[in-house]
Each structure stands twice: as structure tokens, then as C-alpha cells.
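Novice: Sequence and predicted structure, then a few things I'm wondering about:
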Amino acid sequence: MQLERIRLSTLHDKIMSAEQAAELISDGMTVGMSGFTRAGEAKAVPAALAARALRSPLKISLMTGASLGNDLDKKLTEAGVLARRMPFQVDNTLRKAINNGQVMFIDQHLSETVEQLRNHQLRLPDLAVIEAVAITEQGHIVPTTSVGNSASFAIFAKQIIVEINTSHNANLEGLHDIYIPSYRPSRTPLPLVKVNDRIGSIAIPIDPAKIVGIVFTQQTDSPSTVTPPDAETAAIASHLVAFFEQEVAAGRLAPNLGPLQAGIGNIANAVMCGLLNSSFENLQMYSEVLQDSTFDLLDAGKLQFASGSSITLSERRNKDVFSNLERYKDKLVLRPQEISNHPELVRRLGIIAINTALEFDIYGNVNSTHVCGTKMMNGIGGSGDFARNAHLAIFVTKATAKNGAISSVVPFVSHVDHTEHDVDILVTEHGLADLRGLAPRERARVVIEHCADPMYKAALQDYFDRACAKGGHTPHLLAEALSWHQKLDEQGTMLA
Ligand SMILES: CC(=O)SCCNC(=O)CCNC(=O)[C@H](O)C(C)(C)COP(=O)(O)OP(=O)(O)OC[C@H]1O[C@@H](n2cnc3c(N)ncnc32)[C@H](O)[C@@H]1OP(=O)(O)O
């Protein structure tokens, strides 16, 4: 059964234990591993590497697609393995190590990592560890529940360890579409014009001589942690659905809206769930993470097709989707993240990008990453790849956090991930601010009126009025602009 998954028989003698494979990783290496939003990460080898480092310390630079599941970032951090980490993470232990300066974290647009590798702006991986469902007759690697950066890591690395995960059904083969852009200066346009176009191969084309180890595992992906919509996230969804209805009525959006991208987390998932009860039909997704809501929409017949780079599901949905994959397979494709997030394609397809902000300011700048401007939460992920190039760049958030102690609408964001120039629509449970075509002073009025929480509205209005009295195209009181964050930092609340 195991050998059937390695269809190039000359590779059979490369089978080894995870512990033996982990010995192939040396101190100081740059390692590229599979894994995107807790889906499709190599599992046994990084766990064995962490165990080995506890006995005999070593440090590596680790690149992945995005976040890892199975507490691997936690284990690797606790074992002191991570010198550098990029481009995204969601782990609490790693987050602390990043914020106290132990791990150097490079928070990067997810489409850019392999482009920088391709152009030698980053050090190429010495070794790639890639989870696979099978190795083909040509020795090519068939990924599992994510593609992420796996294809380019495997192509650029000198050596490859393949982790074949037999918990995944072999029928995952055929789900992926691996396309690698050509080199500059003779790069050609990406030949994708429709969400469901297939432009590449179903496996990662590599020279099988680079495979130095094959490990078998049966460990499953970690279930996603998204919670069902609550009253606030449902309200955010209903404001967006009403806005889409108006845009369709005005002829600015097609009746099926156009391709949708939705970010990670509870709020973005709830927004997609909101489309379930809407009147829209024949929806399409061109996104990076496909969450539970994607499959709810497919089941309801609302969604025609979903393109992503990973499938990250709750425990309930995981079993149901992967044991009935044939039901979904002609409506799904998983691509490398540089293709799922490619600026050229986001602009060409006219994507509606819906991502979650930590906070935004009265003029429309968005902070997705840094609490109080200093502490890393997760990373920018793909939100910037999509927002800057989208047909509509939408950011959603609850109007307050931590039981009202934090206002998500502030005078000035404490860190800028998405500038006012990139942001079209802001939504909280209180309402939606349409910033298109508005000057900064006009924007501030609609943001305060529609999005701010009643607890903070008067204080925001007061700040804005006093700033306007002082003047400026984008009025600010510089000594006060970050005073809300300073108060939060010192007193644990922004409330007066
Ligand atoms: C892999 C990918 O790229 S996916 C595509 C897009 N990627 C991104 O947008 C990356 C950046 N975004 C993110 O990391 C997330 O969407 C977040 C953190 C902004 C929001 O996450 P969600 O799960 O949707 O929202 P939620 O309201 O549960 O907030 C998460 C946490 O942030 C806290 N939080 C929210 N707003 C603030 C704020 N202004 N200040 C401090 N903390 C805040 C919440 O209290 C919560 O904390 P808890 O986990 O201790 O309860």
C-alpha cells in the first residue's frame, strides 16, 4: 500500500524514518517546508527535528507557505530551532518569541517569497520538506491539502525530503494546478483568464535525483479554529450583502459579483456564510484559503467554482469533504500561492477582496498585523497581494476588541499595512463606509458615522473636529494621533 504511493520504483530505497530524515537537516541551513494555513504541512520531519534539537541544539531559517498546524511552530520555537521564520505564522508561542526578539520574523506579502527566491534576493533553500499524497512515475511530487510555496521550494532546493501522508486519500491527485512563471526579462503574461482555468501540471516537476529521503506519516491536518458567526459578524455580513445588492442594482457589479477572495479567521468566514442566505447565484472564488464557508456555498449550489492555495476545514467539515471529494473535485483547484495571490491575476480577474483588519483609522489606513504598532499578531499574509490590486478592497472588523477596551476605529493606525490609497470599503457591525471617490475629510465623516462604536464615536468626532480646525489635507493632531494606543499600552484600555 505504501509503495503504491511511490510510483517511481527507483525511489523505494529512499524510504527512511522521520528521525533519519531530520538528521539530513544541519545547523545554519535554510529550509523550505510545505504548509499553508494549517493545511498540507510536513508533519513528521519537523516534529523529529524539534525532538532532535532538544538533545543537540541547531538553528535554521524556516520558510513555509503560511502557517503550520499540529503545533509545529510551537515545538520548533520551544526547541530553539528557529533563527529566522517567514512569511506568516499564527502560533502563540512563536508570536511571543518574535515579539521578544528571539526569532527574526520576515512578514511578507505571500505572493512575493518565491519571486524573491527566483531572483536570488533571498537565500535559496538548502533543503525542502514537502508533504505529498504520492510520487508519480516521473518522480514528480503530488501535494496534499495545500500547494503554498511547495513547488518553488522543491524546484530551488538542492535536496528534497518527501513526506507521504497516507491519511489523505489518493484521489487528491488531480486537484492541483502547478504553474511556475518564467524568468525575467523574458517573462510572459500568466495565461489565466478565468477562475477555473488550468494552466499547469498536476504534480511538482523536479529531478527525482534530488529526493534524498521519503518518510511515511498518517498524521492529519489540524482542524481550523474558526467559530460559527455571532451577532456581530453576522451584522458585518449583512451590511456587505446589502452593499453588494446596491452595486448590482447600480450596474457596477455583475449579478454574480465577480470572483471573491476572503481572508482567514472568524470574521471573513462569517462574511462568506452571509452569502448563503443572499440572493446571489453562480458565485466564484479566487482566493488563497478555502474554509468551511466555501463548501457550505458549494453544497447550497450558490458557488460554481473555487480556486485557492489550501483547504483548511473544521473537524466536522474535513471528514465530510475529503471522504466525498469526487463530489467537489470538478469545482476546485489548488494553485501555488504566487498564482492564487498574483497581482497580475487579481487585477485581471477583478477580484472582490475581503480581509480582516485589526484596526483602521478615520482616513482609511488599515493595520492588519501589529497590536499597538509594535506586537506582531500573525502577519500581513495575502491581504496586501489582494487589496492593492482588487476591483474592490474591503476590510472588515468588529468595532471594538477585548470587551470594548479597544476601539478598532482610531484617529491614526499604529502601523500601516494597507494605505488609504488601497482601501475602498470598511465595515463593522455598525455599518459600512464606502470610501471610493472621497477626500480624507469626507472619508473621516463616513467612517466615524458608519463604523465607529457608540462608545468611541464622540471622542473620534472631537479629535477630527479639532484636527480640522488646525488644518491640512489629512488633518491630524500629531501629539494626540497615537494617544489612544499609548493609553491602551499604559492603562489597558482606550476608554476615557
Ligand atoms: C494566510 C493568509 O494570508 S489569509 C488572507 C489574509 N490574511 C490576513 O488578512 C492576515 C491578517 N489578518 C489576521 O491575522 C486576522 O484576520 C486578524 C488577527 C486581523 C483577525 O482575526 P479574526 O479571527 O478574524 O478576528 P478576531 O476578532 O477573532 O480577532 C483575533 C484576535 O485579535 C484581537 N484583536 C482584534 N482587534 C484588535 C485590536 N484592534 N487590538 C488588539 N487586539 C485585537 C481579538 O481580541 C482576538 O484576540 P483573542 O484571540 O485573544 O481573542
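Specialist: It's in. What you are looking at is a predicted structure, and each value in this text was computed from that prediction instead of being measured. Numbers count the residues shown, from 1 in each chain.
Novice: Name the residues of the lowest-mean-pLDDT helix or strand in the chain that come out as buried.
Specialist: Across the helices and strands of the chain, the lowest-confidence element by mean pLDDT, DSSP states H and E is helix 266-274, at a mean of 88. Using 16 or more other Cβ atoms under 10 Å as the burial criterion, the residues of helix 266-274 that qualify are 266-274. Backbone N, C-alpha and C define where each C-beta goes, glycine included.
Novice: Say whether the ligand is contacted by it.
Specialist: Yes: where contact is defined by Cβ under 6 Å from any ligand atom, part of helix 266-274 touches the ligand, namely 266-267.
Novice: Skipping its backbone neighbours, what lies nearest whatever residue of the stretch 351-496 of the chain ends up closest to the ligand in space?
Specialist: Nearest to the ligand, among the residues of the stretch 351-496 of the chain, is G381, at 2.1 Å (Cβ to the nearest ligand atom). Of all residues beyond its chain neighbours, the one nearest G381 is F88 (5.1 Å), with distances taken as Cβ to Cβ, 6 or more residues apart in numbering.
Novice: interface residues of the chain facing the ligand?
Specialist: Of all the residues in the chain, those in contact range of the ligand (Cβ under 6 Å from any ligand atom) are 37, 66, 88, 110, 263-267, 288-289, 355-356, 358-359, 368, 371, 377-378, 380-383, 398, 401-402, 406, 408.
Novice: Filter those down to the ones in strands?
Specialist: 289, 355-356, 359, 371, 401, 406 (DSSP state E).
Novice: residues of stretch 124-144 that come out buried?
Specialist: Applying a neighbour-count criterion of 16+ other Cβ under 10 Å, the buried positions in stretch 124-144 are 124-136, 139-144.
Novice: residues contacting the closest residue in space to H140 that isn't next to it in sequence?
Specialist: Computed as Cβ to Cβ, 6+ apart, the closest residue to H140 that is not its neighbour in sequence is A203, at 3.7 Å. When the contact criterion is Cβ atoms under 8 Å, 6 or more residues apart in numbering, the partners of A203 are 136, 138, 140-142, 173, 176, 178.
Novice: Pull the number of nearby residues for the residue nearest to G381.
Specialist: Applying other Cβ atoms under 10 Å, we find 29 residues neighbouring F88.
Novice: Report the contact partners of it.
Specialist: Residues touching F88, when contacts are defined by Cβ under 8 Å, 6+ apart, comprise 64-67, 107-108, 110, 378-381.
Novice: Also S310?
Specialist: By Cβ under 8 Å, 6+ apart, S310 lies in contact with 36-37, 39-40, 65-66, 145-148, 288-290, 334.
Novice: if we can go back for a sec, separation between the residue of the stretch 351-496 of the chain closest to the ligand and V409?
Specialist: Using Cβ to Cβ, to the nearest Å, one gets 22 Å for the distance from G381 to V409.
Novice: ditto for T233
Specialist: When Cβ to Cβ is applied, the distance between T233 and V409 equals 17 Å.
Novice: more crowded one of these two?
Specialist: Each of T233 and V409 had its neighbours counted (other Cβ under 10 Å), and the higher figure belongs to V409 (27 against 24).
Novice: which phi and psi does the residue nearest to the more buried one when sequence neighbours are not counted have?
Specialist: The shortest distance from V409 to any residue that is not its chain neighbour, by Cβ to Cβ, 6+ apart, is 4.5 Å, and that residue is A452. With angles defined as degrees, to the nearest 10, A452 shows backbone torsions of phi -70, psi 150.
Novice: And the helix or strand harbouring E247, how far out from the chain middle?
Specialist: Element membership for E247 (DSSP states H and E) is helix 231-249. Going by Cα atoms, centre = their mean, to the nearest Å, the spacing between the C-alpha centre of helix 231-249 and its chain's C-alpha centre is 23 Å.
Novice: For that helix, give me every contacting residue.
Specialist: For helix 231-249, the external contacting residues (Cβ under 8 Å, 6+ apart) are 229, 253-255, 257, 266-267, 270-271, 273-275, 277-280, 354, 394, 396, 398-399, 425, 427-432, 434.
Novice: For it, list the C-alpha coordinates in CSV.
Specialist: What follows is the C-alpha trace of helix 231-249 in CSV, where atoms were taken according to Å, rounded to 0.1, in the frame of the first residue of the first chain:
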residue,chain,number,x,y,z
ALA,A,231,-24.4,38.6,16.2
GLU,A,232,-21.6,41.0,15.3
THR,A,233,-20.0,39.0,12.5
ALA,A,234,-23.5,38.3,11.1
ALA,A,235,-24.2,42.0,11.1
ILE,A,236,-21.0,42.7,9.2
ALA,A,237,-22.0,40.1,6.7
SER,A,238,-25.5,41.6,6.3
HIS,A,239,-24.0,45.1,5.7
LEU,A,240,-21.8,43.7,3.0
VAL,A,241,-24.6,41.8,1.3
ALA,A,242,-26.8,44.9,1.2
PHE,A,243,-23.9,46.8,-0.3
PHE,A,244,-23.3,44.1,-3.0
GLU,A,245,-27.1,44.3,-3.8
GLN,A,246,-26.8,48.0,-4.3
GLU,A,247,-23.8,47.6,-6.5
VAL,A,248,-25.5,45.1,-8.7
ALA,A,249,-28.6,47.3,-8.9
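Novice: now it: mean pLDDT?
Specialist: Helix 231-249 shows a mean pLDDT of 96 in the predicted model.
Novice: what's the angle from it to helix 266-274?
Specialist: Here helix 231-249 runs at an angle of 50 degrees relative to helix 266-274 (axes from the mean of the first three to the mean of the last three Cα atoms, to 10 degrees).
Novice: tilt between the host helix or strand of Q304 and helix 266-274?
Specialist: Here Q304, judged by DSSP H and E, is contained in strand 303-308. Here the directions of strand 303-308 and helix 266-274 differ by 160 degrees (the same axes, to 10 degrees).
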